[in-house]
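1. what's the 3D shape of this:
(2 chains)
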There are 2 protein chains.
Amino acid sequence: MEKVNIREKLALFSDHWNPRVVGELNGQHVKLVKFQGEFVWHHHAGEDELFLVIRGSFRLEFRDRSVTLSAGEFMVVPRGVEHRPVAEQEVEVMLFEPAQIKHTGDVESHLTVHEFERI
Amino acid sequence: MEKVNIREKLALFSDHWNPRVVGELNGQHVKLVKFQGEFVWHHHAGEDELFLVIRGSFRLEFRDRSVTLSAGEFMVVPRGVEHRPVAEQEVEVMLFEPAQIKHTGDVESHLTVHEFERI
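-> Residues are numbered from 1 along each chain as shown, chains lettered A, B, ... in the order given. Purely as a prediction, here's the structure:
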């Protein structure tokens, strides 16, 4: 049971689209991730997913619209809703989601991470 | 499905120790709360609780030690662990915890909130 400094954790990695687990509670994971560029379209059949921007901004695309999220803003993507994060510039994001979530849902991509590293 | 701006939500209330629900996912609530002064000692028998500081700092007291959390830091208090937040000055905090959690566990206090407002 230790406190977590978000900036310190973000300084430990520099790659994109590779979420690190930094906390766990009630079967949920807290993750930190850096986005840059375009992710893959996907959805999670059984998991809602929260995106909270720590630094920068990015566009969360849905099939019928897109939402720009900036530092200090968050959004919950309900289960079943197809989405794709797109970041013109690097953005740092906190994720909150069930521990068993699959990174890209049922889509397999070169970006897919199968086991999330804990830092 | 709308984005949430944390600062805008925090501007909607000024009382202390009264968490507002600002998001829900996977049976968990995202709450925002302002602390000032001393809360009551309590624990949650079945729920882990995450405290993430948005602005300011506060002391999270345990029976055997205390931890100071500042903006950009979070801590998970596991179920069963007695704790008490103490804030010398006002602090703004995001909580992440199961929707069914009781504010002060089995302790009844004049500070206890029985139904959390959604904003």
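
2. looking at this, A:Leu111 is in a helix?
-> No: the assignment for A:Leu111, made by DSSP: H, G, I helix; E, B strand; the rest coil, is coil rather than a helix.

3. hang on, it packs against A:Phe39?
-> Yes: counting by Cβ atoms under 8 Å, A:Leu111 touches A:Phe39, with 6.5 Å between them. Just so you know, the C-beta spots here come from the backbone N, C-alpha and C atoms, and that holds for glycine as well.

4. for those two, indicate the residue with more neighbours.
-> It is A:Phe39, of A:Leu111 and A:Phe39, that has more neighbours when counted by other Cβ atoms under 10 Å in any protein chain shown, with 21 against 16.

5. which helix or which strand is home to the residue lying closest to the more buried one once chain neighbours are set aside?
-> Spatial nearest neighbour of A:Phe39, chain neighbours left out: A:Pro85 (4.7 Å); criterion: Cβ to Cβ, 6 or more residues apart in numbering or on different chains. Per DSSP states H and E, A:Pro85 falls inside strand A:84-98.

6. which secondary structure elements does that strand sit against?
-> In terms of contact count using 3 or more Cβ pairs under 8 Å, 6 or more residues apart in numbering or on different chains; DSSP states H and E, strand A:84-98 is assigned the packing partners strand A:28-38, strand A:49-55, strand A:57-61.

7. in PDB, could you pull the C-alpha coordinates for it?
-> The C-alpha coordinates for strand A:84-98 follow below in PDB (Å, rounded to 0.1, in the frame of the first residue of the first chain):
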ATOM      1  CA  ARG A  84     -10.400   4.800 -31.800                       C
ATOM      2  CA  PRO A  85      -8.000   7.200 -30.000                       C
ATOM      3  CA  VAL A  86      -6.100   9.500 -32.300                       C
ATOM      4  CA  ALA A  87      -3.400  11.900 -31.100                       C
ATOM      5  CA  GLU A  88      -1.800  14.400 -33.400                       C
ATOM      6  CA  GLN A  89       0.800  15.000 -30.700                       C
ATOM      7  CA  GLU A  90       1.900  12.900 -27.800                       C
ATOM      8  CA  VAL A  91      -0.700  12.800 -25.000                       C
ATOM      9  CA  GLU A  92      -0.500  11.100 -21.500                       C
ATOM     10  CA  VAL A  93      -3.600   9.300 -20.400                       C
ATOM     11  CA  MET A  94      -4.800   7.500 -17.300                       C
ATOM     12  CA  LEU A  95      -7.100   4.500 -18.000                       C
ATOM     13  CA  PHE A  96      -9.500   2.900 -15.600                       C
ATOM     14  CA  GLU A  97     -10.900  -0.400 -16.700                       C
ATOM     15  CA  PRO A  98     -11.500  -4.000 -15.600                       C
END
